[in-house]
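Peer 1: I'd like to go over a predicted model; first the sequence, then the structure.
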Amino acid sequence: MYKLLISDLDESLLNDSGNISTNDLATIKLMQQQGVKFIPNTGRGFASVQPLLKQIGTFKQAGEYVISYNGGVIVENSDNHVLTSHYLPHQIVAQIYQLARSQSDLGVHIYTLNDVYVYNIDNYEQAYIDSRKVQTIEFNEPTLDSLTTSPIVKILVENLDHDRLVEFQKLILANIAIPLSQTFSSNRYLEFNPTGVDKGNAVLELCQKLAIEPADVITLGDNDNDLPMIKTAGMGVAVSNSINSIKKAAQLTLKATNNDNPITEIYQTLFN
C-alpha cells in the first residue's frame, strides 16, 4: 500500500504554464482521502510552493511536508517548521559566484533559507521565474559579503545551452576543491548543493521521521536532479517528457507529459 506520493514540480507535476491541472488536483485530493500524502520535492524554495499547498489543502497543516532546495531543507507546513537543513560553506558559494560572474552569458540564483537572489537574469529567464510564482531579489554586488550572515542552501547557474552548462561544470571541478552535489534541471540550470544532499536522501530522511518504508513511496520526476529520488522509491515514475536516464531508472514511464494529467495516470495505473 503506497503511503506517500512525492513529486517534482516543474516539468513533472506542473504544466508548461506552471500550473497544476484541474484533473490532477482532484486526483490528489482523492488520494489524500484514501490516506496517501502528497509531498512536493522541488529544487525551489518552500516559500514559492505555498500557493500550490493552498490548492491541495496542505497549507499550514501539521503532518504535511515540503522537500525543497533539492533536499537541502525539509519543512513541516505548519509554520514552515524546518525539520532538516543542509547549508553550503559560504566560501564555496562565493567561489562559484565569482566564476559565474566571469562568464557574461550565465545567470545565477543564490538561495538562502527564505530568499532567492538573482544575478544577470535576462527577460526570458525572468518570464520563466514569474510563471513559477517565485519572488526574487536582484543582486549585482561584486562579492557575497553582504550575505555572510545568511546560511546559503543552494546556488545555481542558468543558461539555455546545456553544453554551456557542462563547460561551466568542468570549470567548477577544476577550481573547487571540496566535493559538491551537482545536478542539471529544467533544461536550463546547473545546481550546486552540499555533497550528499539530493532529493533521494531527503526522501529517506522524511521516511525515517514518518516511520514509512521507501517501498511504500511513489516518486515522480523528469530531470537529472530527480534521479536520486526515482531510484530511492519503491515506485519511481517518469513523465513522458523525462530525460532518458530518468526513464531507464523508473519502474513506470507514463504516457502523459507534464501537460497531460500525470498524477491522474499514476492513480489509474497503480490504484485501480
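Peer 2: Now that the structure is in, tell me what you want to look at.

Peer 1: can you report how many residues lie near the residue nearest to Asp10 when sequence neighbours are not counted?
Peer 2: Sequence neighbours aside, Ser186 is the residue nearest to Asp10 in space, at 5.4 Å (criterion: C-beta to C-beta, 6 or more residues apart in numbering). All C-beta spots, glycine's among them, are computed from the backbone N, C-alpha and C. For Ser186, the neighbour count with other C-beta atoms under 10 Å is 19.

Peer 1: tell me the contacts of Pro267?
Peer 2: No, residue 267 isn't Pro; it's Tyr. 27, 30-31 (C-beta atoms under 8 Å, 6 or more residues apart in numbering).

Peer 1: in stretch 174-183, what counts as buried?
Peer 2: Buried positions in stretch 174-183, judged by neighbour count with 16 or more other C-beta atoms under 10 Å: 180-183.

Peer 1: surely the residue nearest to Asp10 meets Asn223?
Peer 2: Yes. Taking C-beta atoms under 8 Å as the definition, Ser186 is a contact partner of Asn223 at 6.5 Å.

Peer 1: ok, and what's touching whichever helix in the chain runs longest?
Peer 2: When the chain is parsed with DSSP state H, its longest helix is helix 162-175. Under the criterion C-beta under 8 Å, 6+ apart, residues 95-96, 99-100, 103, 105-106, 157, 159, 180, 182, 184, 187, 189-190, 192 lie in contact with helix 162-175.

Peer 1: let's see which of the residues you listed end up in helices.
Peer 2: 95-96, 99-100.

Peer 1: tell me the one of those nearest Ile137?
Peer 2: Ala100 (16.8 Å; C-beta to C-beta).

Peer 1: correct me if wrong: the closest one contacts Val108.
Peer 2: Yes. Using C-beta under 8 Å, Ala100 makes contact with Val108 at a distance of 4.9 Å.

Peer 1: how about the helices in the stretch 101-250 of the chain?
Peer 2: For the stretch 101-250 of the chain, applying DSSP state H, counting those that start in this stretch gives helices covering 123-131, 162-175, 199-210, 227-232, 244-249.

Peer 1: got the ones you listed as a markdown table, with mean pLDDT and distance to Pro89 columns?
Peer 2: Shown next, in a markdown table, are these (pLDDT from 0 to 100; distance: least, C-beta to C-beta, whole Å):
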| stretch | mean pLDDT | distance to Pro89 |
| --- | --- | --- |
| helix 123-131 | 95 | 26 |
| helix 162-175 | 97 | 14 |
| helix 199-210 | 98 | 19 |
| helix 227-232 | 98 | 22 |
| helix 244-249 | 98 | 29 |
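
Peer 1: re the thing from before, what touches both of Ser186 and Asn223?
Peer 2: In contact with both Ser186 and Asn223: Glu11, using C-beta under 8 Å, 6+ apart.

Peer 1: excluding chain neighbours, what is closest to Asp226?
Peer 2: Nearest non-adjacent residue to Asp226, counting by C-beta to C-beta, 6+ apart: Asp8, 5.0 Å away.

Peer 1: follow-up on the earlier one: distance to Val116 added to the helices of the stretch 101-250 of the chain, as a markdown table?
Peer 2: Output for these, formatted as a markdown table (distance: least, C-beta to C-beta, whole Å):
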| stretch | distance to Val116 |
| --- | --- |
| helix 123-131 | 8 |
| helix 162-175 | 19 |
| helix 199-210 | 18 |
| helix 227-232 | 22 |
| helix 244-249 | 25 |
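
Peer 1: number of nearby residues for Gly63?
Peer 2: Neighbour number of Gly63 under other C-beta under 10 Å is 10.

Peer 1: where does it sit: helix, strand or coil?
Peer 2: coil (DSSP: H, G, I helix; E, B strand; the rest coil).

Peer 1: so it touches Leu83, yeah?
Peer 2: No. Here Gly63 does not reach Leu83: they are 11.8 Å apart, not a contact under C-beta under 8 Å.
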